[in-house]
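Undergrad: predicted model, plus sequence, below.
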Amino acid sequence: MKENIDRRGFLKVTGYTAIAAGVFGTLSGCRRHTSPDYTEQEQDNREMTYRINPNSGDKVSILGYGCMRWPMIKDEYGKDVVDQEAVNRLVDHALANGVNYFDSAPVYLQGQSEAATGKALSRHPRESYFVATKLSNHRGPEHSKEEGIRMYKNSLKAFQTDYIDYYLLHNLGGIDAFNKRFGDNGLIDFLLEERKAGRIRNLGFSFHGNRQGFDQLISLHEKYHWDFVQIQLNYMDWKHPSNWNTEAEYLQAELDKREIPSIVMEPLLGGRLAKVPDHIADRLKEKAPQSSVASWAFRFAGTQKGVLCVLSGMTYKEHLDDNLKTYSPLKPLDQEEMSFLEETADLMSKYPTIPCNDCKYCMPCPYGIDIPAILLHYNKCVNEGNVKQDTRSENYRKSRRAYLVSYDRAIPKLRQADRCIGCGQCTEHCPQSIDIPKQLHKIDKYIEELKRNM
Amino acid sequence: MLRTLRIIFAAVFFIGITLLFLDFTGALHLWLGWMAKIQFLPAVLAMNTIVSAILLIITIIFGRVYCSTICPLGVMQDIISWIHGKTKKKNRFRFSYAPAKNWLRYPILVLFIIGLAVGGHSIAILIAPYSAYGRIASNLFAPLYQWGNNLLAWLAERAESYAFYSTEVWIKSMPTFIIAASTFIIIFIIAWKGGRTYCNTVCPVGTILGFFSRYSMLAPVIDTEKCRNCQLCSRQCKTSCIDVSNHTIDYSRCVACMDCIDTCKDGAISYTWRYGRKSCSKTTVMPAAQDSANDMNSIDKGRRAFMISSALATSAAIAKAQEIKGDGGLTDVSHAQKPQRKVSPVPAGAISLKNFTDHCTGCQLCVSICPNQVLRPSVSLNKLMLPEMSYERGYCRPECTKCSDVCPAGAIRPITVEEKSSIQIGHAVVDYEACVVNTDNVKCGNCARHCPAGAITMVRIDPDKEDSPRIPAVNEEKCIGCGACESLCPARPVTAIHVEGHEVHKTI
């Protein structure tokens, strides 16, 4: 109880500071009447860039930690478990370098992400970081209010806290999903109450879907007041979204119109904008030999002024260090660099890669297929130029061997594409709306051709 | 000089043949495949009259040089015996003359021939030298080689190289593995103690060639003028066939290794034309009551125990449903259990089960080379060690004819990829109860999607309903029995579709 009061006292203090900062923010923003600008003007060299949340006044680091890709190890039973020691080290390093936003979800890493992140964070003062997590009730066959509340309470417990800074309705695609999961069962009312009580400081949703779905959800702003929205934004999705996903340019403009800050997910498309085709990489390297390929994507996301925070699922310290370098401080892209990336995106959209970001929402496959591994392996071979349809093409034999040998290395035989029966249970979980069975069968057919034609 | 020549030949053949069993990629067979095809018993069983005749003519001219150079089991015994000889000088001269054990070798030869002709084929091939060596190489040496390869593949993977790829190492048949191991241990002990005892008491090929070498034109001959009866030649003769007191050599047992020629300090032994010189009397045959040869009995004992234990092992693997806690993770998957087949299929090119069993020597060359883990030695008593097909780990892929390329015995005749696509070795049978369309209420069709013959169609359970679930139906006329459907069927623990072999293959 005592602790509670302490926390509340603290909340008040932060609240006042927030208001004060908010006033400054609006003062400087008011003059222009164009798109909002959450950037802080004074910038110290080699210091993390921060953005100010216009609603709460939170000073959020532009780099947010995505907790979906923590390093995993095998326990004594051969099961994949989070490498807690490594997580602790990464979290310490991130906090020490100014990262203060941590984004998790109950379903990440087979349900282990929240507890692992909570363990690492709770070793630090609660006010030194923002917790973001989600209501991931999209999996269950039923969507009851009780189930949702249980999930929410579990999150509080996992993070060893009594308030959540940023709480998201996880993976919404349109009004139907909203009604089914939050509207009809009254879960949204519960969450609004929690926000009023201060236990949810910001309420928003994460979005994957088409333009119509987004319009429906954003129209709920008048009713519920979204404090923020999490969208998929990067230089590919800006104008070339895959499948039915929406142009990030549109999403960001709609949010700017309503002065809703955005949190960016998939700035790197699950690493696809780091592992680009060889000649694209050459192109980027030629422009900036000292900068990593990934840094372009992070600068692009950070350049958008309405963006509060850019999430990155950094498994390795090298990723973290590279991103810290990019964002300490952020050098926004200039007009010329912007159009250069646009051209790059045009070039990349012509590659027949599959838009898989390795989020693993499709997993586990009931028949044991390692879906993301198969798709990523295919993309890797496309990017390396090892996918050749014609037996007469140059280096066919070399590419054939490279594909088949690396395929067996990447995926055990019983988990390969030829085992996909096409039941389709994975498809609805894919936020990128990939027709997974179709892609797996296409890859399987390609491999069959390779095997037959020596 | 002659001895060096013999050792060079022996090394070339021994290494070559061993590599045939080790090289799972099949690349070496293009170059060395003939080494398996000039083995005596496979050549006879393949009715390869030219090779058989040449081998006999060589024996009539040169003596049993075949046993000293071409036969891998013989060379292996030489190596073991030589190593023992190297340990101490005394051990090198550990032999002494012993009369031939004809009471043992002739009955064994007769039983062997009866076994091959009438039945008990798998018992007969237990003692055939080339196939015994093949089993040893493929069961004992190949795993070591493969592990070595897998280590290199592991390193290559870290170096982003595709020079090596890893391969599965598994015991394809426990009884055959045990037989190979016991054969190796028994041969090792016999060779360690008595050199070529096996070749002159048990080996049927040795006995047959002995008939011819007895009258060979060239042979080591003792010059009585020069011989000082020092016994050195006799004490190092691994076949124990030099009778110094009578100055005679039993040419039916001599494998023409030329060791004695080099050993004799007086130059009393020379490899020369025997006829027209002073005639050499044949050694008297004396029944000796000692040692050896109850060795083969021990093999049967373990057999039943293995079959029981392997049956237990397979039935233990049962897939269990997992609770889905969140995103990611992998469901447990396992290989399907081997189905109960009325007839196990044999590869295209075998023509029929009868032709296959008549010719196969159980050497395991095809088992070693099969890149799809389809072939493995049978565990059933009447076909023990003879290869058969099963599809838990892979299926008989349409582009592969490796087993037919390598078979030295004519059990699997050479075929082309085109011929293979139309040879029916069996047909698929569906168990509708086990099909995931029924058990899991999902749509599947993985068997139909992968059938290279287009023999499976997915038909509606309820023909009147347009959107009725579909289950596989096999067109037996088009099915060739390759096992793609069985291998890729998701039903567990036993697949919902399996192949029944045909006794006689036919072209469709």
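TA: Received, thanks.
Undergrad: so what does the residue nearest to the spatial centre of chain A have for phi and psi?
TA: For chain A, the residue sitting closest to the mean C-alpha position, by C-alpha atoms, centre = their mean, is A:M265 at 3.1 Å. Dihedral angles of A:M265 (phi, psi; degrees, to the nearest 10) stand at phi -110, psi 160.
Undergrad: surely it touches A:N234?
TA: No - taking contacts as C-beta atoms under 8 Å, A:M265 lies outside contact range of A:N234: 9.3 Å. For glycine as for every other residue, the C-beta is placed from the backbone atoms N, C-alpha and C.
Undergrad: helix or strand: which one has A:L168?
TA: Assessed by DSSP states H and E, A:L168 sits inside strand A:164-172.
Undergrad: and the next helix or strand past that strand?
TA: Sequence-wise, the next helix or strand downstream of strand A:164-172 (DSSP H and E) is helix A:175-178.
Undergrad: the strand holding A:L168: how far from the chain's middle?
TA: Distance, stretch centre to chain centre, for strand A:164-172: 12 Å (C-alpha atoms, centre = their mean, to the nearest Å).
Undergrad: residues contacting the strand or helix carrying B:H505, please?
TA: With elements taken from DSSP H and E, the one containing B:H505 is strand B:497-507. By C-beta atoms under 8 Å, 6 or more residues apart in numbering or on different chains, the residues outside strand B:497-507 that reach it are B:339, B:341-346, B:348, B:350-354, B:388-389, B:391, B:419, B:422-431, B:435, B:447, B:472, B:474, B:481-483, B:485-486, B:489.
Undergrad: which among those residues end up buried?
TA: Buried residues within these, defined by neighbour count using 16 or more other C-beta atoms under 10 Å in any protein chain shown: B:339, B:341, B:344-346, B:348, B:350-351, B:353, B:388-389, B:391, B:423-430, B:435, B:447, B:472, B:474, B:481-483, B:485-486, B:489.
Undergrad: all strands of the stretch 1-150 of chain A, in order?
TA: With DSSP state E, counting those that start in this stretch, the ranges of strands along the stretch 1-150 of chain A come out as A:50-52, A:59-61, A:63-66, A:72-74, A:80-82, A:101-103, A:130-135.
Undergrad: the last one near chain B anywhere?
TA: Right, the one you point to is strand A:130-135. No - Strand A:130-135 does not reach chain B (C-beta under 8 Å from any C-beta of the partner chain); its nearest approach is 11.6 Å.
Undergrad: what pairs with that strand, and is each one parallel or antiparallel?
TA: Paired strands of strand A:130-135, with direction, are strand A:101-103 (parallel), strand A:164-172 (parallel) (DSSP bridges).
Undergrad: contact residues of the stretch 251-400 of chain B facing chain A?
TA: Contact residues, the stretch 251-400 of chain B versus chain A (C-beta under 8 Å from any C-beta): B:322, B:324-335, B:393-394, B:397-399.
Undergrad: which of the residues you listed are buried? Put it as a ChimeraX command.
TA: Provided next is the ChimeraX selection string for whichever of those are buried by 16+ other C-beta under 10 Å:
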select /B:324,326,327,328,329,330,331,333,335,393,394,397,398
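Undergrad: pLDDT score for B:W170?
TA: Note for B:W170: predicted pLDDT of 88.
Undergrad: check contacts around it.
TA: Counting by C-beta under 8 Å, 6+ apart, B:W170 has contacts B:Q373, B:R393.
Undergrad: look up how far chain A lies from B:F184.
TA: Distance, B:F184 to chain A, using C-beta to the nearest C-beta, to the nearest Å: 31 Å.
Undergrad: that residue falls within a helix, correct?
TA: Yes - according to DSSP: H, G, I helix; E, B strand; the rest coil, the state of B:F184 is that of a helix.
Undergrad: in the stretch 1-150 of chain A, where is pLDDT below threshold?
TA: Residues of the stretch 1-150 of chain A meeting the criterion pLDDT under 70: A:1-35, A:39-45, A:140.
Undergrad: if you set the cut-off to 50 instead, what comes out?
TA: For the stretch 1-150 of chain A, applying pLDDT under 50 flags the ranges A:1-5, A:10-11, A:15-33, A:42-44.
Undergrad: so who does the nearest residue to B:A268 once chain neighbours are set aside touch?
TA: For B:A268, ignoring the flanking residues on the chain, the nearest one in space by C-beta to C-beta, 6 or more residues apart in numbering or on different chains is B:K226 at 3.7 Å. By C-beta under 8 Å, 6+ apart, the contact set of B:K226 is B:D266, B:G267, B:A268.
Undergrad: helix, strand, or coil at the first one?
TA: Reducing the assignment at B:D266 to three states with three-state DSSP gives coil.
Undergrad: so how far is A:N154 from it?
TA: B:D266 sits 96 Å away from A:N154, going by C-beta to C-beta, to the nearest Å.
Undergrad: only C-alpha atoms, please: export the strand holding B:H505 in PDB.
TA: Only the C-alpha atoms of strand B:497-507 are listed here, as PDB (Å, rounded to 0.1, in the frame of the first residue of the first chain):
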ATOM      1  CA  ILE B 497      -1.000 -44.100 -47.000                       C
ATOM      2  CA  HIS B 498       1.600 -46.800 -47.500                       C
ATOM      3  CA  VAL B 499       3.200 -48.800 -50.300                       C
ATOM      4  CA  GLU B 500       2.700 -52.500 -50.800                       C
ATOM      5  CA  GLY B 501       5.500 -54.100 -52.800                       C
ATOM      6  CA  HIS B 502       4.900 -56.300 -55.800                       C
ATOM      7  CA  GLU B 503       6.500 -59.700 -56.200                       C
ATOM      8  CA  VAL B 504       7.000 -59.100 -59.900                       C
ATOM      9  CA  HIS B 505       7.700 -55.600 -61.300                       C
ATOM     10  CA  LYS B 506       6.000 -54.500 -64.400                       C
ATOM     11  CA  THR B 507       6.300 -51.700 -66.900                       C
END
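Undergrad: thank you, goodbye.
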